[in-house]
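# sequence and predicted structure, then a few things I'm wondering about:
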Amino acid sequence: MADWFVGPVMEKLINTCFEYLKDQARWQTGMKQELERLQKLQPKIQAVVFASSQAHIRDQNPALNKWIWKLRDAIDEADDLLDELDYMKHKQQLTKNKKQLKVRSTLNSLKKIGKRALKIDRNLKRLEEVVQKLEKVSSDVCNFLPLLESTKQELQEQQLELYKTRETGSMPKNDLIGRGKDKEFVMQWLRKPSNEDHSTLYRNISLLSIVGHGGMGKTTLLQHAYEDEMTEEFDLKMWVCVSSNFDAKKVIADMLEYLAKERPRLETLKVLQDSLRFELMSKKFLLVLDDIWEDEEENDKIKWENVLAPLAFGSLGSKILITTRMDSVALMIAKVIKKKKETLRLMGLEEDECLQLLNSHAFADVENPGDHKKLRSIAGEIAKKLLGFPLAAKVIGGVLNSSFDESHWAKVLNSNFLSAELGHNDIFSILRLSYMFLPKHLQNCFAFCCIFPQDHWFDKDDLVRMWIASDFILPPCIRGEAAEDIGGRFSNARFNGYT
């Protein structure tokens, strides 16, 4: 997590130092050279820090571990000095006598220039020491660049783990493109009457599993089915995102919260089960269990038995829809409720459907998309490389939508992330592409959000204030515009692929 503060602090330090050096005499060129070297090293430093923090390789590489701590110490020292200089600057602005300002401004400027020329400016001396220390540490970064390639696979695996902990909601965000037949299959299944079987505990319940690789649109499909007016015939509806390493009590609590619109107190498993059984007693319900993973089959089976036990008290015609990437999960859930496995497998979209989805995002809010013939041609070439992945089409469409300059679209087309064929496990290359094409200031703001725990609900204004305190908000470029206003725009910016 260290990588998000390295860039902003170094950028501010370099800018602050260059500002101080404006009035320097010609013999003060050494510090400028150090700053220029820091600017060149900064991308490499961030890459190594990111790789080390994500891949957890420092324990296996003592030299890297030692260097990271030296870098952290130099960054912390620089950050402390910058905070102190900011405080002094604001204090001086507050204490200035407006009547004497015009008279003294020229004298103060001359005095400041004189001090700097004589190299007795205390702040400049402190900045110089901080820069020298950071430049000395940073120069060793080249020793660790070979580690970047060796940790690539581990980074992809950890990205997969992060994706497994996502949170989903029941409301569809976009039109359903390319999944019309799949939705009709689901709706027909929902309409199909259940055959009552008195021999099993779960005789009133039917189960359908939606199986497909990540990014195939399983969640989107069920969002549209869940919100279809036909589902209003159910007495109760529940949507729960499960993800990996789930806890039976949490899943039941999520169901109760969806029904009662408030979070139940953390009770024992039995109390939660009894509460859910009471809510579902003799009522026809529709339950969506989204994004189910399997970690340990036997352990998960026991947890699912605890989760599903209260559902047996629903009335005839109750339905359960699940999404998963694994056939083994669909089979396990079917065994728990003693049902024959029914599966809808999602495959990639047809190329024309993928292009339609890509264009719907790339030309969002454009009045006459047909006028952009060259861009539409480039979009067609991009769509061929996406292999029918709906998520990839949405993400890349969002990246394209950020600029309608032909060179931008060509850059996306020729990107290394798209140069090789997209495989089933490379959807994270597409997600990373959307991050890489964000403006630098939005990258910092977005990466900052990783400090929040999973499923954390934060206040927008609080987040903006934290961005300001971390110097992620640049000085206002519009006269009269507050930093809070700029941060508000940033928070509303479209973090393509992550919203």
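Everything's here; your move.
# CA atoms for contacts and neighbours, from now on please.
Noted.
# show me where the stretch 301-450 of the chain has strands.
318-324, 343-345 (DSSP state E, counting those that start in this stretch).
# residues contacting Ala78?
Applying C-alpha atoms under 8 Å, 6 or more residues apart in numbering, we find Ala78 in contact with Val9, Leu13, Leu127, Val130, Val131.
# how close does it get to Glu128?
10 Å (C-alpha to C-alpha, to the nearest Å).
# same deal with Met216?
54 Å.
# those two: who's more crowded?
Using other C-alpha atoms under 10 Å, the more surrounded residue of Met216 and Glu128 is Met216, with 23 against 18.
# that older thread, among the strands of the stretch 301-450 of the chain, which is the most enclosed?
For the strands of the stretch 301-450 of the chain, the largest average neighbour count (mean count of other C-alpha atoms under 10 Å) is found in strand 318-324, namely a mean of 24.
# which residues sit against that strand?
Outside strand 318-324, the residues touching it (C-alpha under 8 Å, 6+ apart) are 190, 204-212, 218-219, 234, 283-293, 330.
# one more time with 7 Å, if that's ok
204-212, 218, 284-293 (C-alpha atoms under 7 Å, 6 or more residues apart in numbering).
# that strand pairs with which strands?
strand 205-211 (parallel), strand 285-292 (parallel) (DSSP bridges).
# closest to Leu145 out of the ones you listed?
For Leu145, the closest of the strands paired with strand 318-324 is strand 285-292, at 36.6 Å, according to C-alpha to C-alpha.
# so for that closest one, mean pLDDT?
Mean pLDDT, computed over strand 285-292, is 94.
# could the C-alpha coordinates of it be exported in PDB?
The C-alpha trace of strand 285-292 is given here as PDB (Å, rounded to 0.1, in the frame of the first residue of the first chain):
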ATOM      1  CA  PHE A 285     -39.500 -15.900  -2.200                       C
ATOM      2  CA  LEU A 286     -36.900 -15.200  -4.800                       C
ATOM      3  CA  LEU A 287     -33.300 -15.300  -3.600                       C
ATOM      4  CA  VAL A 288     -30.200 -14.400  -5.700                       C
ATOM      5  CA  LEU A 289     -26.800 -15.600  -4.300                       C
ATOM      6  CA  ASP A 290     -24.300 -13.800  -6.400                       C
ATOM      7  CA  ASP A 291     -20.600 -14.600  -6.900                       C
ATOM      8  CA  ILE A 292     -20.200 -17.800  -5.000                       C
END
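# start at 38, not 1
With 38 as the first residue, the last one maps to strand 322-329.
# what comes up buried for that strand?
Neighbour-count burial for strand 322-329, counted by 16 or more other C-alpha atoms under 10 Å, picks out Phe322, Leu323, Leu324, Val325, Leu326, Asp327, Asp328, Ile329.
# is it true that the second one touches Lys274?
Read that as Leu323. Yes: the pair Leu323 / Lys274 is scored as a contact, 4.7 Å apart, by C-alpha atoms under 7 Å.
# what's the closest of the buried residues of strand 322-329 to Cys54?
Relative to Cys54, and with distances defined as C-alpha to C-alpha, the nearest of these is Asp328, at 49.8 Å.
# any low-confidence regions in the stretch 188-337 of the chain?
188-204, 206-211, 232-236, 303, 332, 334 (pLDDT under 70).
# could you give me the average pLDDT of stretch 379-397?
94.
# ok so, going back, adding distance to Leu306, write the strands paired with strand 355-361 out as TSV.
Formatted as TSV, those follow (distance: least, C-alpha to C-alpha, whole Å):
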stretch	distance to Leu306
strand 242-248	22
strand 322-329	19
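# go through these and name the closest to Glu379.
That would be, of the strands paired with strand 355-361 and by C-alpha to C-alpha, strand 242-248, which comes in at 5.2 Å.
# and the closest one, how far out from the chain middle?
29 Å (C-alpha atoms, centre = their mean, to the nearest Å).
# so after it, what's the next helix or strand?
helix 255-263 (DSSP states H and E).
# how big is the angle separating that next one from strand 355-361?
Taking axes from the mean of the first three to the mean of the last three C-alpha atoms, to 10 degrees, helix 255-263 and strand 355-361 form an angle of 160 degrees between their directions.
# can you name the element that comes right after helix 255-263?
Following helix 255-263 in sequence order, the next helix or strand is strand 273-280 (DSSP H and E).
# by contact count, what packs against that following strand?
If you count contacts as 3 or more C-alpha pairs under 7 Å, 6 or more residues apart in numbering; DSSP states H and E, strand 273-280 packs onto helix 285-297, strand 322-329.
# please convert these to JSON lines, extending it with distance to Asn98.
JSON lines is the format used below for the helices and strands packed on strand 273-280 (distance: least, C-alpha to C-alpha, whole Å):
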{"stretch": "helix 285-297", "distance to Asn98": "39"}
{"stretch": "strand 322-329", "distance to Asn98": "36"}
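# and these: which comes nearest Asp522?
helix 285-297 (34.5 Å).
# quick one: buried residues of the closest one?
Buried residues in helix 285-297 (16+ other C-alpha under 10 Å): Ala285, Lys286, Lys287, Val288, Ile289, Ala290, Asp291, Met292, Leu293, Tyr295, Leu296.
# and if you look at stretch 417-427?
Buried residues in stretch 417-427 (16+ other C-alpha under 10 Å): Gly417, Ile419, Ala420, Lys422, Leu423, Leu424, Gly425, Phe426, Pro427.
# helices - which of those land there?
Gly417, Ile419, Ala420, Pro427 (DSSP state H).
# Leu383 against Gly251, yeah?
No: the criterion here is C-alpha under 7 Å, and Leu383 misses it with Gly251 at 10.2 Å.
# so between these two, which is more surrounded?
Using other C-alpha under 10 Å as the criterion, Leu383 and Gly251 rank with Gly251 on top: 22 against 17.
# where does the prediction get shaky in the stretch 38-187 of the chain?
If you take pLDDT under 70 as the line, the stretch 38-187 of the chain has these spans: 38-46, 57-67, 87-97, 129-130, 132-159, 184-187.
# where exactly do the helices run in it?
40-57, 67-92, 99-132, 135-154, 159-175, 183-187 (DSSP state H, counting those that start in this stretch).
# for Leu386, see how far away the residue lying closest to Glu379 once chain neighbours are set aside is.
In space, and not counting its chain neighbours, Glu379 is closest to Leu245: 5.2 Å by C-alpha to C-alpha, 6 or more residues apart in numbering. Using C-alpha to C-alpha, Leu245 is found at 21 Å from Leu386.
# these two: which is more packed in?
Counted by other C-alpha under 10 Å, Leu245 and Leu386 do not tie: Leu245 has more neighbours, with 23 against 20.
# identify the residues contacting Leu182.
Val85.
# re earlier: closest to Asp311 among the ones in helices among the buried residues of stretch 417-427?
For these, the nearest to Asp311 is Pro427 (40.2 Å; C-alpha to C-alpha).
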